[in-house]
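**Q** can you look at this prediction? I've put the sequence above it.
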Amino acid sequence: MALREIGENLYAYTGMYNDELHVKLKKLMPDGDGQLQPVDNKGISLSVQQWETIDGHSQEIDAEISRVTELEATSKKSWRISPNRFLSVTRLQSKYMSVYMTLVNIRVHFMKGAEEPVNPTRFGVAMKIAEWYKLIGMKAGINRDITGGKSKADELMTECISFTISQEVKDMSAKNCHGCQIDHPSQKKYQTSGCLIETCLIEDWAELIETYFDCAVDCIKRKDVLALFIKTWDDGDDEEVDLYRLYRSVLRSSEVLALAKLRQWKHLVE
């Protein structure tokens, strides 16, 4: 699950609800163990169809935001995304000052036969304009989560870890053998490290990775992997990345092992 921060303690992520995949816009706060947990009734869970409906209206919503931004009056325009759920662009005036602000509100309403959203419930989220634009900027990543595709960050972290593991395996296969330390032509004629010891006579790289993989995973330094990731990552990408969480989720994945065996990296040079 990729957490994408929209605003202060407000996150977008995908998850299951009633055995169906939903896009969740929720307030999350750390518990006693430092793990982020949902705050009761602070947010909304959208079906994939509801999320796609919002996405389909995004240009109209942006146009309405532009229209009311400098408006010195209250206004409200709504789009229906389900029988009792609406997205509204609302221009409000502060109760205490003559200041206006615009909110994008996605909320469940009590309908009671009404056609317009006039009875809001506590189930929903009100976003500032900057938060709305940040959410829309994340839609490509959210859509990847829905379809099960890997994000750019996942792919790059997989590459960085497999690359670092590959370097570690090369070093370990040499350091663990006295024969590899001998600088002599008779040693260098062999295909791998030039050694006569059993593990170093492994000529197939994939088999060598299999032999040393678990030990290499334990030996690599996280800071080296993250430094390589940061060096390669495109700062212009709109995807929010939690480096430590991503590192832990990818570290021992089968994709890392498979990529290390192939030694084929799109973004890195060995």
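**A** That came through, no problem. Numbers count the residues shown, from 1 in each chain.

**Q** rest of the way, CA atoms for contacts and neighbours
**A** Will do.

**Q** how far away is Ser58 from Phe110?
**A** Distance, Ser58 to Phe110, using CA to CA, to the nearest Å: 24 Å.

**Q** try Ile209
**A** In terms of CA to CA, Ile209 sits 60 Å off from Phe110.

**Q** could you do Leu257 as well?
**A** With CA to CA as the criterion, Leu257 and Phe110 are 52 Å apart.

**Q** who's more crowded, those two?
**A** Leu257 (23 against 14; other CA atoms under 10 Å).

**Q** so the more buried one touches Ser162, yeah?
**A** Yes: taking contacts as CA atoms under 8 Å, Leu257 lies within contact range of Ser162: 6.7 Å.

**Q** any shared contact partners between the two?
**A** Shared contacts of Leu257 and Ser162 (CA atoms under 8 Å, 6 or more residues apart in numbering): none.

**Q** what's the pLDDT at Gly194?
**A** Looking at Gly194, its pLDDT is 44.

**Q** which residue sits closest to Thr14 in space, ignoring its chain neighbours?
**A** What sits nearest to Thr14 in space, not counting adjacent residues and going by CA to CA, 6 or more residues apart in numbering, is Val23, at 4.5 Å.

**Q** wait, the one you found sits on Leu46?
**A** Yes: between Val23 and Leu46 a contact is recorded at 5.1 Å, counting by CA under 8 Å.

**Q** pretty sure Ala174 sits in a helix.
**A** Yes: with DSSP: H, G, I helix; E, B strand; the rest coil as the criterion, Ala174 is part of a helix.

**Q** buried sites along stretch 79-99?
**A** If you call a residue buried by 16 or more other CA atoms under 10 Å, then stretch 79-99 has these buried ones: 79-81, 84-93.

**Q** could you pull out the strands for the stretch 51-200 of the chain?
**A** 75-82, 85-93, 100-109, 120-128 (DSSP state E, counting those that start in this stretch).

**Q** need those strands in a markdown table (columns: distance to Lys223 and mean pLDDT).
**A** Shown next, in a markdown table, are these (distance: least, CA to CA, whole Å; pLDDT from 0 to 100):
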| stretch | distance to Lys223 | mean pLDDT |
| --- | --- | --- |
| strand 75-82 | 45 | 94 |
| strand 85-93 | 43 | 94 |
| strand 100-109 | 40 | 94 |
| strand 120-128 | 36 | 93 |
